[in-house]
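>>> Any chance you could fold what I've pasted below:
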Amino acid sequence: MKKVFFILLMVFLFGACQLLHFLSPAAQNQLLEFADTYTLEQIGQTISNLYGSETYSIDVDAMGVLHVLVQQNGYEANLYSYKMSALNWELKSTNSIPNTMYFPVLDFHGTSPYAAYMPNGNPPVVYDCSTLPGTGFGPAMFYYPNAMDFIVTSTGKKIIAVSSNEGSVISNYIRVMEYNGATWQSYTGFNSLIFSNYITSIDLQESPNGQIFVLVNSDGMNRLFVTAGTAWSGTYIFEMSSKFISYALDGAGNIYYIYHNQLVTNVVYYDIRNTGAPAISAHYTKKFIDGAVYNSEKTCAATKNTPYYFYTFAGVLGSSETNISIMRISPDGQFKEIFKVSSFMGDMPGLKMACAPDGTLYFGYAQNTNAMNFLTVYKLD
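This next block holds a predicted model:
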């Protein structure tokens with residue numbers, strides 16, 4: 001009798017697996033929406049003496065080691081890595097830099113960390129942080145920079161994008177440069193860009209096939225540029241007058257957008273495209289939430305391996321208040337609120353996030369308390 005029961009049980013389980021297998025991806029994801037749960041864990045001790053709530057960056061290297069880059073005490077920039085054996089942060093590299101008007105940028109080539117800074121009124125500088133202190137090298141041709149981003153590509157290319165004002169002659173001028181080991185040069189024929197409005201942010205990202213995307217947010221118009229193979233197309237892929245656009249690329253070649261329609265109060269939209277055809281063809285058609293985009297850099301991330309997800313901070317409009325939450329979107333467009341950040345924290349924080357190679361999501365929370373900025377890093381798993 002037990003043998004018969006076992007056979008019937010195996011037949012049932014096999015049938016259930018076959019049913020799940022033949023469900024459409026959308027249906028499978030919908031089932032998974034009810035199965036997954038997230039736990040919150042603080043990583044290391046809280047880091048104090050931040051210069052400002054935005055003057056930090058978090059990222060994860062190829063081996064899954066979490067790092068934070070922070071500017072502390074005004075002139076000291078420190079890179080910390082999380083040491084599992086001590087359950088705390090370990091100083092990896094330190095550099096003395098002038099006060100920065102822009103958050104520092106951290107990126108990796110494998111396990112080698114690089115940091116980019118934009119000091120007040122001075123050209124940006126990049127450091128190889130494999131040593132203590134780091135080795136600095138940086139472009140000196142930028143005047144009065146006001147926005148910046150930096151990446152190290154999968155092949156090791158070091159690319160920086162900077163907007164600057166060249167005195168009274170040219171304003172809101174963007175260059176994208178590559179370091180060749182000795183000097184900085186224009187990246188693969190990228191033509192310098194001139195915007196008619198003040199540039200608020202630049203976001204550089206690399207797709208799985210090696211394309212380089214440059215998203216520029218300005219006061220009046222936001223535009224996306226991308227390489228076509230190894231050369232720049234010369235013109236933007238699309239533009240829109242959204243208040244602010246955030247985006248991220250997953251490992252499957254999907255590009256996710258989050259943006260706010262400044263013509264409609266409290267409405268946030270999303271879009272998912274393939275990196276081969278990244279333009280949003282019809283703006284403001286896919287409503288995401290009633291709320292607001294969290295208007296800051298590095299506030300969204302996407303996984304590079306399965307399962308593929310996109311995460312972003314958003315202000316979700318409730319019946320009595322707006323909560324800052326972490327939202328998750330699947331490649332098929334399914335989305336859900338996975339964590340209310342403001343449910344355990346108070347005033348408007350400085351938030352940033354990063355995904356590890358295994359899909360683990362980390363986020364930083366910087367808050368001003370008694371005229372001092374503190375950074376706490378958390379893991380959602």
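
>>> In the stretch 251-381 of the chain, what residue spans correspond to helices?
Under the criterion DSSP state H, counting those that start in this stretch, the stretch 251-381 of the chain contains no helices.

>>> let me redo that: the stretch 1-150 of the chain
With helices called from DSSP H, counting those that start in this stretch, the stretch 1-150 of the chain shows them at 2-22, 25-33.

>>> Assign a three-state SS to residue 188, would you?
Three-state assignment for residue 188 (DSSP: H, G, I helix; E, B strand; the rest coil): helix.

>>> Surely it and residue 210 touch.
No. Contact criterion C-beta atoms under 8 Å: residue 188 and residue 210 do not qualify, at 10.9 Å. For glycine as for every other residue, the C-beta is placed from the backbone atoms N, C-alpha and C.

>>> which one of the helices of the stretch 1-150 of the chain has the lowest average pLDDT?
For these, mean pLDDT drops lowest on helix 2-22, to a mean of 33.

>>> all strands for the stretch 251-381 of the chain, in order.
254-260, 267-274, 287-293, 300-302, 310-317, 322-329, 335-340, 350-355, 361-369, 372-380 (DSSP state E, counting those that start in this stretch).

>>> possible to save those strands as JSON lines with mean neighbour count?
Formatted as JSON lines, the strands of the stretch 251-381 of the chain follow (neighbours: other C-beta atoms under 10 Å):
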{"stretch": "strand 254-260", "mean neighbour count": "24"}
{"stretch": "strand 267-274", "mean neighbour count": "19"}
{"stretch": "strand 287-293", "mean neighbour count": "19"}
{"stretch": "strand 300-302", "mean neighbour count": "25"}
{"stretch": "strand 310-317", "mean neighbour count": "23"}
{"stretch": "strand 322-329", "mean neighbour count": "20"}
{"stretch": "strand 335-340", "mean neighbour count": "15"}
{"stretch": "strand 350-355", "mean neighbour count": "22"}
{"stretch": "strand 361-369", "mean neighbour count": "20"}
{"stretch": "strand 372-380", "mean neighbour count": "19"}
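
>>> and those as TSV, adding mean pLDDT and distance to residue 217?
Shown next, in TSV, are the strands of the stretch 251-381 of the chain (pLDDT from 0 to 100; distance: least, C-beta to C-beta, whole Å):
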stretch	mean pLDDT	distance to residue 217
strand 254-260	93	10
strand 267-274	92	15
strand 287-293	79	11
strand 300-302	97	13
strand 310-317	85	15
strand 322-329	86	20
strand 335-340	89	22
strand 350-355	94	16
strand 361-369	90	21
strand 372-380	92	24
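
>>> if we compare the ones you listed, which one ends up closest to residue 84?
The closest of the strands of the stretch 251-381 of the chain to residue 84 is strand 372-380. By C-beta to C-beta, the value is 12.0 Å.

>>> got the angle between the closest one and strand 310-317?
120 degrees (axes from the mean of the first three to the mean of the last three C-alpha atoms, to 10 degrees).

>>> Output the contacting helices and strands for strand 372-380.
strand 40-50, strand 66-72, strand 361-369 (3 or more C-beta pairs under 8 Å, 6 or more residues apart in numbering; DSSP states H and E).
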